[in-house]
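Asker: here is my input; please provide its structure:
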Amino acid sequence: MLDILKGKTILITGGTGFIGRALIKEILKYEPARIRILSRDEVKHHNVQQMFNNDLIGHFIGDIRDYPRLLRATKGADIVIHAAALKRVDMIEYNVEEAIKTNIIGSLNIVRACIENNVEKVLFISTDKSCSPVNTYGACKFVSERIFTESNYSKGSAKTNFICVRYGNVLESTGSVLPFFTEKIKKGEPIPLTDERMTRFAITSDQAVELIFNAIRYGVGGEVFVPKIPSHKVTDLIEILKEKYNPNHEVKIIGIRPGEKIHELMINDTEMARTIEFKDLYIINSCIVNPWMANKTCEYAKDGKKVDLNKMKEYSSKDNIISKEELKKILNLG
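Answerer: Numbers count the residues shown, from 1 in each chain. Prediction:
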């Protein structure tokens, strides 16, 4: 990554958020020329400024809905990481228009600005909810993935390559179940569980950053990079937290919320037919004809292999579930 990031200007939209801060921390290790972060919230900008206290970080207050602001933010950038989004599944179900404006129109604005400024690589952070979506958030991210994929074929003479990554909720991130359940226990409130059958993928912030770096390193445009990660039962996570804080804490079954799935899906059966297995990654190639794969000139095309559809028809959180003890180790609670 030193060869890729050294001396480069990197823009992170939504850079004041959890994954944005994790990216800043890692990117600073590779001697960038500049890290620009774009976010609407000036208080979060101030917090990031206090956290890092580094002159290499430039703060752009702005919204991805604002195309002129994005033109300025992307001017002279070498790499753009697009993390900004409205993410609360339940809230978005009742605010569909706002989700479209930010998550879809905002992504279109990113693409247009990056093509206009001839940015070298642009990476979109998607979600497992975009795979066979059942909620507005997932549908918006699905469309945005297609915007990024299609833009590789309609960019004209621009050198820009558009790449996607797809993963689930980061365990420690704001709004994820780990801090949410922990807070409920500490406050003495019942832990709300929607369904005892529920499973989720387990990914740490370090793994998420590594996935993003690998996509920047190996991506040639049009792919969706997916990490090989385990999944866990939500009930196991609750039991681990109860063991740590209060074994007798109450769990309350509340039923499925709007837009929620029992099991998350990372790759569906249609996508699996065009998926390459490479190192600790799955790489979904575009449904549009991919000239790089046809010519087999990129590293993952030469060294990877097609997924065996007889052994793996989809990539779901209901499969490859780790034990409670293994989950404890991931959480550093073992």
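Asker: now do the SS call for the residue nearest the centre of the chain.
Answerer: Nearest to the mean C-alpha position of the chain, by C-alpha atoms, centre = their mean, lies residue 125 at 3.9 Å. Secondary structure of residue 125, reduced to three states by DSSP: H, G, I helix; E, B strand; the rest coil: strand.
Asker: thought residue 103 was touching it, still the case?
Answerer: No. Judged on C-beta atoms under 8 Å, residue 125 makes no contact with residue 103 at a distance of 11.4 Å. Quick note: C-beta positions are derived from backbone N, CA and C, even for glycine.
Asker: any common contacting residues for the two?
Answerer: residue 85 (C-beta atoms under 8 Å, 6 or more residues apart in numbering).
Asker: how far is stretch 144-151 from where the chain is centred?
Answerer: 15 Å (C-alpha atoms, centre = their mean, to the nearest Å).
Asker: now it: mean pLDDT?
Answerer: Across stretch 144-151, the average pLDDT comes to 96.
Asker: identify all contacting residues around that stretch.
Answerer: So stretch 144-151 is in contact with 103-104, 107-108, 111, 115, 122, 124, 126, 130, 160, 162-164, 166, 222, 224, 286-288, going by C-beta under 8 Å, 6+ apart.
Asker: between the two ends of stretch 85-105, how far is it?
Answerer: Taking C-alpha to C-alpha, to the nearest Å, stretch 85-105 runs 11 Å from one end to the other.
Asker: let me fix that, I meant to ask about stretch 108-122.
Answerer: Start-to-end, stretch 108-122 (C-alpha to C-alpha) is 12 Å.
Asker: please apply the same query to stretch 299-313.
Answerer: Terminal-residue distance, stretch 299-313 (C-alpha to C-alpha): 24 Å.
Asker: which outside residues touch it?
Answerer: 218, 269, 272-273, 275-279, 281-283, 292-293, 296.
Asker: again, 10 Å this time
Answerer: Outside stretch 299-313, the residues that touch it by C-beta atoms under 10 Å, 6 or more residues apart in numbering are 214, 217-220, 223, 225, 267-269, 271-279, 281-285, 290, 292-296, 298, 315, 319.
Asker: ok, stretch 61-72 next?
Answerer: 11, 13-14, 16, 36-42, 44-45, 60, 73, 80, 82, 84-85, 98, 101-103, 105-114, 116-117.
Asker: gap between that stretch and the chain center?
Answerer: With C-alpha atoms, centre = their mean, you get 21 Å for stretch 61-72.
Asker: and it, how far apart are its ends?
Answerer: 11 Å.
Asker: tell me, how many residues neighbour the residue nearest to residue 280 when sequence neighbours are not counted?
Answerer: Excluding the flanking residues, the one nearest residue 280 by C-beta to C-beta, 6 or more residues apart in numbering is residue 228, at 4.8 Å. A count of nearby residues for residue 228, using other C-beta atoms under 10 Å, gives 15.
Asker: just checking, what packs against the helix or strand where residue 232 lies?
Answerer: Using DSSP states H and E, residue 232 falls within strand 231-233. On a contact count with 3 or more C-beta pairs under 10 Å, 6 or more residues apart in numbering; DSSP states H and E, strand 231-233 meets strand 199-201, helix 324-330.
Asker: quick check: which of these is buried the most?
Answerer: A comparison of those by mean neighbour count, using mean count of other C-beta atoms under 10 Å, puts strand 199-201 on top with a mean of 22.
Asker: can you tell me what sits against that strand?
Answerer: Under C-beta under 10 Å, 6+ apart, the answer for strand 199-201 is 128, 167-169, 171, 176-177, 226-227, 229-237, 261-266, 315-321.
Asker: now that strand: average pLDDT?
Answerer: Mean predicted lDDT for strand 199-201 stands at 92.
Asker: do the same with stretch 281-289
Answerer: Mean predicted lDDT for stretch 281-289 stands at 88.
Asker: re earlier: against residue 100, how distant is the residue nearest to residue 280?
Answerer: 32 Å (C-beta to C-beta, to the nearest Å).
Asker: what of residue 42?
Answerer: 25 Å.
Asker: of these two, who's got more company?
Answerer: residue 100 (17 against 11).
Asker: the more buried one contacts residue 136, correct?
Answerer: Yes. Using C-beta atoms under 10 Å, residue 100 is in contact with residue 136, at 8.3 Å.
Asker: which residues are common contacts for these two?
Answerer: What both residue 100 and residue 136 touch, as defined by C-beta under 10 Å, 6+ apart, is the set 86, 92.
Asker: need the helices and strands packed on strand 231-233 in TSV with distance to residue 241, can you?
Answerer: Listed next are the helices and strands packed on strand 231-233 as TSV, based on distance: least, C-beta to C-beta, whole Å:
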stretch	distance to residue 241
strand 199-201	14
helix 324-330	10
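Asker: and the ones you listed: which comes nearest residue 50?
Answerer: Closest approach to residue 50 among these is made by helix 324-330 (29.7 Å; C-beta to C-beta).
Asker: helices or strands up against that closest one?
Answerer: strand 231-233, helix 234-245.
Asker: which of these sits most buried?
Answerer: Of the helices and strands packed on helix 324-330, strand 231-233 is the most buried (mean count of other C-beta under 10 Å), at a mean of 22.
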